Every structure is written in C-alpha cells, then in structure tokens.
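Engineer: got a structure for you, letters missing:
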C-alpha cells in the first residue's frame, strides 16, 4: 500500500517538475538574457549562464525609458485601480447576487453583454470622451474607464450566490446591520474569490497596453508596457536592454501573487472541505 | 471592524489622489506659429533611432530659432500607427505636430484621411523636390501634391560574409545575374555548408518585394490595379523557387530568425535594405571586418540592380496648432545636409536627400565592412530605384503575396500561386487584377 503510494506520488511530482521546468524556463532565459549583451540572445547553443552586462543593460534601459518614473506610473495606476475596482466590483456583485430590485436581471444581462463588445470598438469613442474632457495624458484616463469591470462583477456575483441566504438571515436576526452583513458575513466567505479577482484585476491593469498607449501623450506618463514597446524600432533592437525591462516587469506580478496565494489556495481547500 | 475602516480610508485616500491628478492644464501651446518671437512648443512622434535624429536636428535648428522647442515622444514603431489612427478617427484630437510614417503606409493614410494631413505643396515644398530621388517624391505625394517630407530610405544590397566567400573561392565580381548567384550559391554550399539566403518561407516575402521593385513592378500598378500576374512578378517568384529548388534557402522564423542566421554564419548573404548595417554592427560585433555588400543580382545581364526596402517620411497632421512652425522645422530637417549627415553618422538612417551623397561620410571606407565604400554603393543606387505602388490595401496584398510564396515553397507552380492570390486579393479589395 505504502509502496504504490510512493510510486504514484513520485510520478505526480515528476510530471509536475517537468511542467514547472517548462513554464519557468522562459523566465529564466529572459533573466539570463538581461545579464548578457544583445547579440547573445541569438547564440547557438543558447547562453544559459549569467553574463556580466546586467548593470550596463539596466543603465541603458534607464537612459532609454527612465525606469523610476515608468515603474512609479505603473505601480501607482495598478494599486489604485485594483483597490477601487475590487471595491466597486465586489459591491456590484453583491447587489446583483443578494438584492432584489426592479430590472436587476436585465441590468446584469447588459453587463454580461458588454463583455462581448470587442475592446477595439470602444477605443475611439472613449478617446473622444477623454479628449473632450481634457483627461488625455492623466492618471484619471488610465484608471477610471475600466473600473466597473464586467468580468470581475460576474465573478463576484457567482461566488456570492453560493453563500446561503440563511446565513444572512441569521445575521439579521442577531441584529447585524446591512453593512455588517456585507463586511462580516459575505466578504469573509468569498475570500478566495476576492483574492482571485484581485489578482485578475492586477494582472489586467499591469499588462494593459492598447488603452494606455492611446490615452497617454507624453513620456512622463508611460506605463511599463508602453515604455518597453518603445524600445522596438524597425531594425535596431538592444535585446539585453529589452530583457532587463521584461524581467523587471514580471517582478511585481509575482510578488502580488505570492502575497495573495495563501488566501487563494486556502480558499480552494476550505470550500472543498466544507462540502 | 478594523478592516472595514482600513478599507474605507484606503478608498478615500485613493479618490483624493485621483482627483488631484486630474484637471491638467490644457491651455499651453495655443500660440500660433505665425508670430516668430513667441515661444513655440512643437511635439513629434517617432520611434527608436529617429528620436535621436530629431533631437540632434533641433539642437542645430535652435541656433537660428531660439523660440522653438521640440518634445519628441519615443513610441514603438507599430504603436505610432495605433495612436495616429485613433487620433485621426477622433478628428485630430491629441495628435502631435510632426509624425514619422513609413513610406508603405503613407498612401493608406492619405486615402483613409484625405484631410488629415497638411498639404506641403501649398507651403512651398515643390521647390525642394529636385533634392530627392523620384521614387521617394512619388511615395510622399498624392495627386501631385506633397503630404510628407522624404526622410530615410533603404536602398538594397546583398550583405555577404567575405570569409565564407573566400573559403569557397567565389568572387562577388562574377555575380551579375540571379543565375550567377544560384551557381555561386551551390559552390558555396558545397565547400562551406552555408546556405545562400535566409527567407521566412511562409510568413514574409521581403526578397520577393525587393525583386519586384528591382523589376519595376509591385503588388499594384500605378493605377492601383493588382499586378501579381505581371510576367515580371512571375519571373521574380520563379527565381525564388529556383533558389529553393537548389536548396539554397534557409527557412528562418521572422525577424529574429533572420538576425540569428546572420550572426551564426549559416547563410552567406542576407539581401536587405541599407538599414540592416545597423543590425549587423549591433548584434554581430564579433564578425567585424568579415562583411561586404554587393548590389542585388540583375535578372538579365546589364539589367537594373537598384531596389528599395523600407524608409520613412515626416507628416504634419492638419490638426496642428503650429502649422507654420512645424513646416519650417520639418523642411529644415528634410533638406539640410548637416542634419541628414548626423542622422546617418550617429543614428544609421540612410538619407534620401541626394545633396549629401558627395560628403566624406558617403565616400569613405567602412571598417566593419573590410574598408569597402558601402555607402557610396548604396547612394549610387538611389536615382535608379523604381517607384513601388503600395496603396491603402498594402497590408492585404502583403498577406496574399506571402501566401503565394508559401504555396510556391509547398510545390505549386509560381504563376498559378500568384494567379490564385491575385484573385483572392481582388475579392478582398474590390480592385481589378491585371491579366487575371
């Protein structure tokens, strides 16, 4: 019995290990390329040991895009966006899941339908609006337009539907206020969904490209993806510099995920055990 | 409860911060360019090395025009078009005073937004036309009116590895035609194992485009009809097939694959525009002194060997508030030898301003290329380059031509492959196909 278990777990871990290597290798390679000079990314066989050019590449990158400013813009926008959007989407999801009001399902249906409109169709009207209001090239234009994110609202609503009404009724009998019901009964029971939505919103904004590209007018307002994309000319590309930038850009996502993953995973286990 | 108050205060703080960030002052820059004493703040969009060229030019320009300031936004090449198209579609909102556009896109923009750009002929640019080669002028104008300031170009050449040619005992002087090239390629492959040219067989047709241009034809003719069935286009595709049949083509994956093949010596030549010089010296530093350039082989003895690939020009969106100041600076940029020589020397941008070609820069030796006078070679090509006709459907034509090339490499007869592509392109663009 013990033996088959061991063999089985060996295979499980072995498969996982292979998967991990395959998915981690590109990150490793990017980090290595960031420490080598540009031409090395084309070397055959590929260069897999760190080089000595890391500081040169970072210095070049800084000269080209101004790392500090760009990193600040990206972090500033993503932190405020994630906080506000999570609050709005959670509350909207709560209303759709637990409140009965006229036109609720119609409204929710419209929200779902807006997910089907390709983003590119919205860009020009949105741009005109921002231009008319003088919001181009401001943080407002970067943060506000996507705050009520339909997918996040949908995600929160579905998770809140699963919370039994009986729990809320019990709360009401015990004299908990409506706000208390939301913060002390609903929110704790959808913690994993909150973590998942937060990660989702964070990644969405962190990687967001087309809208920031169009809404931003000056270099001082560039976010990381826009700044990195500006490194690509027609024929002259410093790959060491690009890879240094790419490696820097993945850092915050990994940190944010690690911060939230405990809730994420414990939530999955928790809901499985509850049954 | 603590959590709740924390969340609330976070919300409050962030909304305060948000409010503080908005309401940026939009009043700056309302001065018109007419008053020469008033400060003028010009903005420009460009990518990569072009940004440096603009800034260097402004430094010179300011000596006589201390009131003009220029702010260049460094934007990715393809990103410029996303921003430009959005701004034009929104009626000119948020556009800069000067924008760099590649030559193959100019006609598309002029067709899609006929009122989007400043008519430069009205400002007097016609008098400068003689300074530029004919094909460049034609690309920069529509219906005889200039809408763009010609800037850099990409006269083509065969970048070749002198060490590989020597090892195989092949002299480039013996290569006059594509048939000679194929014969030489076979010898080189036999002796050194290196293939003749890199081609992204199924995704890009750069060599085909160079050959078309060389033969004086293109995807479209002067009137905008599809010209895939032109016997010369078929001849070009036949030549590509012959290269493939002789097993002289290294199938590469995209731009990075081409660069990779250039560096590792698995190909003996790389046909490209003059701008490829920059890529070689950046990415293949170890191969200094081992490079040379010869013109594209002709299709018959004594035939044309001049062609162009790439290049770009400056345009002024008509929404600009500083039309005169933008025009004055852009004209200075486009027509001043000193500016173009700096752009070439410091930023590797090959000028189309012909008056620069007599300078030392163009007549001198290039050490990385074993002392060959490669810039002289490229500059002598410029006057002989035929005009390629791109139209606004260039992107679709590129797609269909690439399919025709892919079909050819998959064994289809080139003439048939081109015919089918021409038919599909006619369906997609509602254009006539010649000899269809």
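Structural biologist: Nice, I can see it. Here the structure is a predicted model, which is why all the values come from computation and not from measurement.
Engineer: how about low-confidence regions in the stretch 101-250 of chain A?
Structural biologist: A:234 (pLDDT under 70).
Engineer: Show me the helices in it, by range?
Structural biologist: A:104-114, A:119-132, A:139-143, A:150-161, A:165-173, A:178-180, A:187-189, A:191-207, A:210-215, A:224-229, A:239-274 (DSSP state H, counting those that start in this stretch).
Engineer: interface residues of the stretch 51-200 of chain B facing chain A?
Structural biologist: Within reach of chain A by C-beta under 8 Å from any C-beta of the partner chain, the stretch 51-200 of chain B has these residues: B:71, B:73-79, B:82-83, B:86-87, B:89-91, B:93-94, B:102. The way it works is simple: take the backbone N, C-alpha and C, and place the C-beta from them, glycine included.
Engineer: Apply 7 Å and report the result again.
Structural biologist: For the stretch 51-200 of chain B, the contact set with chain A under C-beta under 7 Å from any C-beta of the partner chain comprises B:73-77, B:79, B:82-83, B:86, B:89-90, B:93-94.
Engineer: Pick out the most distant pair among these.
Structural biologist: Within these, B:74 and B:89 form the most distant pair, 23.2 Å apart (C-beta to C-beta).
Engineer: In terms of packing, which of those two has more residues around it?
Structural biologist: Taking other C-beta atoms under 10 Å in any protein chain shown, residue B:74 and residue B:89 do not tie; residue B:74 has more neighbours (20 against 17).
Engineer: That one and residue A:230 touch, don't they?
Structural biologist: Yes. Using C-beta atoms under 7 Å, residue B:74 is in contact with residue A:230, at 4.8 Å.
Engineer: So which residue is smack in the middle of the chain?
Structural biologist: No chain was given, so I picked chain A. Centre of chain A computed as the mean C-alpha position; nearest residue by C-alpha atoms, centre = their mean is residue A:203, 1.3 Å away.
Engineer: wrong one, chain B
Structural biologist: Central residue of chain B (C-alpha atoms, centre = their mean): residue B:310, at 2.3 Å.
Engineer: Below-threshold pLDDT in chain B: ranges please.
Structural biologist: For chain B, the stretches flagged by pLDDT under 70 are B:1-37, B:436.
Engineer: got the residues of chain A near chain B?
Structural biologist: Those residues of chain A that sit near chain B, judged by C-beta under 7 Å from any C-beta, are A:38-39, A:42, A:44, A:80, A:83-84, A:87, A:123-124, A:127-128, A:131, A:134-140, A:143, A:183, A:210, A:213-214, A:217-219, A:229-230, A:232-236.
Engineer: Tally up the residues packed near residue A:250, please.
Structural biologist: 13.
Engineer: Dihedrals phi and psi, residue B:329?
Structural biologist: Phi and psi for residue B:329, reported as degrees, to the nearest 10, are phi -70, psi -40.
Engineer: What of residue B:237?
Structural biologist: phi -70, psi -30.
Engineer: how about it, what does it touch?
Structural biologist: The neighbours of residue B:237, taking C-beta atoms under 7 Å, 6 or more residues apart in numbering or on different chains as the test, are B:208, B:404, B:408, B:414, B:418.
Engineer: Assess the claim that the third one and residue B:414 are in contact.
Structural biologist: When you say that, I think you mean residue B:408. Yes. Residue B:408 lies in contact with residue B:414 (C-beta under 7 Å); the separation is 5.0 Å.
Engineer: list residues touching both of the two?
Structural biologist: Residues touching both residue B:408 and residue B:414 (C-beta under 7 Å, 6+ apart): B:237, B:241.
Engineer: three-state assignment of residue B:313?
Structural biologist: strand (DSSP: H, G, I helix; E, B strand; the rest coil).
Engineer: how much space between it and residue B:343?
Structural biologist: Remark: distance between residue B:313 and residue B:343 (C-beta to C-beta, to the nearest Å) = 13 Å.
Engineer: Likewise for residue B:185?
Structural biologist: 35 Å.
Engineer: which residue sits closest to residue 238, ignoring its sequence neighbours?
Structural biologist: Since you didn't name a chain, this refers to chain A. Leaving aside its sequence neighbours, residue A:238 sits nearest to residue A:38 (C-beta to C-beta, 6 or more residues apart in numbering or on different chains; 4.9 Å).
Engineer: Not quite, go with chain B.
Structural biologist: The nearest residue in space to residue B:238 (C-beta to C-beta, 6+ apart) is residue B:414, at 5.1 Å.
Engineer: Is it correct that that neighbour is in contact with residue B:405?
Structural biologist: No. Proximity of residue B:414 to residue B:405 does not meet the contact threshold set by C-beta under 7 Å, at 8.8 Å.
Engineer: Neighbour count for the two, which is higher?
Structural biologist: Between residue B:414 and residue B:405, residue B:405 has the larger neighbour count (other C-beta under 10 Å), namely 27 against 21.
Engineer: Just list the residues touching that one, thanks.
Structural biologist: B:201, B:205, B:208, B:240.
Engineer: any idea which element it lies in?
Structural biologist: Residue B:405 belongs to helix B:394-409 when assigned by DSSP states H and E.
Engineer: From the residues of chain A next to chain B, keep the buried residues only.
Structural biologist: Buried positions within those, assessed by neighbour count (16 or more other C-beta atoms under 10 Å in any protein chain shown), are A:38-39, A:42, A:80, A:83-84, A:87, A:123-124, A:127-128, A:131, A:134-140, A:143, A:183, A:210, A:213-214, A:217, A:219, A:229-230, A:232-236.
Engineer: Tell me which helix or strand the spatially closest residue to residue B:284 that is not a sequence neighbour sits in.
Structural biologist: Nearest non-adjacent residue to residue B:284, counting by C-beta to C-beta, 6+ apart: residue B:263, 4.6 Å away. Per DSSP H and E: residue B:263 is located in helix B:254-264.
Engineer: centre of the chain versus that helix, how much separation?
Structural biologist: From the chain centre to the centre of helix B:254-264 is a distance of 18 Å (C-alpha atoms, centre = their mean, to the nearest Å).
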